[in-house]
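In: Give me coordinates for this.
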Amino acid sequence: MGQPREDRLFYYSLLPFAGATVAVVLLLAAVLGYYSLPALREYGASVIVGSEWRPSEESPREASYGLLVPLLGTLATAAIAVATAVPVALAMVVATEEVLPPRLRGLLGGVVDVMAAIPTIVYGLWGLEVLAPLLRRHVYPHLNSALGFLPPFSCRAYTGASYLTAGLLLGVIVVPYIYAIVREAYRSIPSKYRLAAYALGATRYEAVRILSGMVRPAVAAAVLLAFGRAAGETVAVALVVGSAFNPPTCLLAPGYTIASLIANQFGESFYYPLMANALYLGGLLLLAIGIIANVAGLRLLAGARSRAGL
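Out: Model (predicted):
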């Protein structure tokens, strides 16, 4: 038996909006790809795998636009952000759902929701004026002296602007997103599992461990979505990453991400042949990272919801 006429009309009325969303993404990719082609024709794969950024006003042949360093910086800062944000977000979920009294649960949840609404430029200014000086004076010297034999901490931090500062700031920014996804999954666990755990004599800690294990797919999805979010952050990172072409072999050194490179150099890029085209290619790489991370995260989240019967 076919669907009612009203349901079919409702379904077909939504198709243009879904199609428009897909069309916008495809249009973004097409525009970025079109403006990236001149740089790819001139320099080939060296635009992606090259590690030197040397603009030239005279001739494109004298210039070099390699995106490898900012690409690695993007991946490094996003990885640091996720690694620092996930434990904090998970602890907040457990606190709000299992430990705190109702009034404090609502207060903490409201604070996290407000964090998600704060403009990232505010986080960037806070990172520049508070976080970076604090890390430079009280954290980085100890890291370098105690763990200087490890490459990530082998260099001295002469300023607070560094890959690690940018990653920690991004961790603060993405905490609300991880928290919201994991909290939704945690709340969707049927109460019978919690009651069964307590009926079998489990302590609160043991019950939380059991319930937390049931939301692992949601945690993995949150990690991927937060990674894509962190990789694309621009203004906040540009303020604290340091803007220097150092590879992220030492996290205490200043560096670049693709987003901060575009933000810092796009305004003057039209004075240099093909520099703007190389930056468009950087935008295309960011778009690819975001799409891959978000599609993978959403598929994991959809699989977790289907297994939970939602």
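In: So which residue is smack in the middle of this protein?
Out: Closest residue to the average C-alpha location of the chain: residue 230 at 1.8 Å, with Cα atoms, centre = their mean.
In: Relative to residue 155, how far out is residue 232?
Out: The gap separating residue 232 from residue 155 is 27 Å, by Cβ to Cβ, to the nearest Å. Heads up, the C-betas are built off the backbone N, CA and C, glycines and all.
In: wait, residue 111
Out: Remark: distance between residue 111 and residue 155 (Cβ to Cβ) = 36 Å.
In: So if I had to pick from these two, which one is more boxed in?
Out: residue 155 (18 against 11; other Cβ atoms under 10 Å).
In: mind listing what the closest residue to residue 164 other than its chain neighbours touches?
Out: In this structure, residue 164 finds its nearest non-sequential neighbour in residue 251, 4.1 Å apart by Cβ to Cβ, 6 or more residues apart in numbering. Residue 251 is in contact with 76, 80, 152-153, 162-164, 167, counting by Cβ atoms under 8 Å, 6 or more residues apart in numbering.
In: pLDDT below threshold where in the stretch 201-310 of the chain?
Out: Applying pLDDT under 70 to the stretch 201-310 of the chain picks out residues 304-310.
In: residue boundaries of the helices in it?
Out: Using DSSP state H, counting those that start in this stretch, the helices of the stretch 201-310 of the chain run over 204-213, 216-231, 235-240, 258-265, 275-307.
In: Single out the most deeply packed of those helices.
Out: helix 235-240 (a mean of 26; mean count of other Cβ atoms under 10 Å).
In: I'd like the C-alpha coordinates of that one written as CSV, please.
Out: The C-alpha coordinates for helix 235-240 follow below in CSV (Å, rounded to 0.1, in the frame of the first residue of the first chain):
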residue,chain,number,x,y,z
VAL,A,235,40.8,33.4,14.0
ALA,A,236,41.4,32.0,17.5
VAL,A,237,44.3,29.8,16.1
ALA,A,238,45.8,32.6,14.1
LEU,A,239,46.2,34.7,17.3
VAL,A,240,48.1,32.0,19.3
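In: contacts for it?
Out: Outside helix 235-240, the residues touching it (Cβ under 8 Å, 6+ apart) are 77, 120-121, 123-125, 127-128, 131-132, 160-162, 165-166, 169-170, 173, 257, 259-260, 263-264.
In: Tell me the buried residues within the residues you listed.
Out: 77, 120, 123-124, 127-128, 131-132, 160-162, 165-166, 169-170, 173, 257, 259-260, 263 (16 or more other Cβ atoms under 10 Å).
In: Please determine how far residue 218 is located from residue 188.
Out: With distances taken as Cβ to Cβ, residue 218 is found 9 Å from residue 188.
In: helices or strands next to the one helix or strand residue 145 maps to in the packing?
Out: Using DSSP states H and E, residue 145 maps to helix 140-147. Counting contacts by 3 or more Cβ pairs under 8 Å, 6 or more residues apart in numbering; DSSP states H and E, helix 140-147 packs against no other helix or strand.
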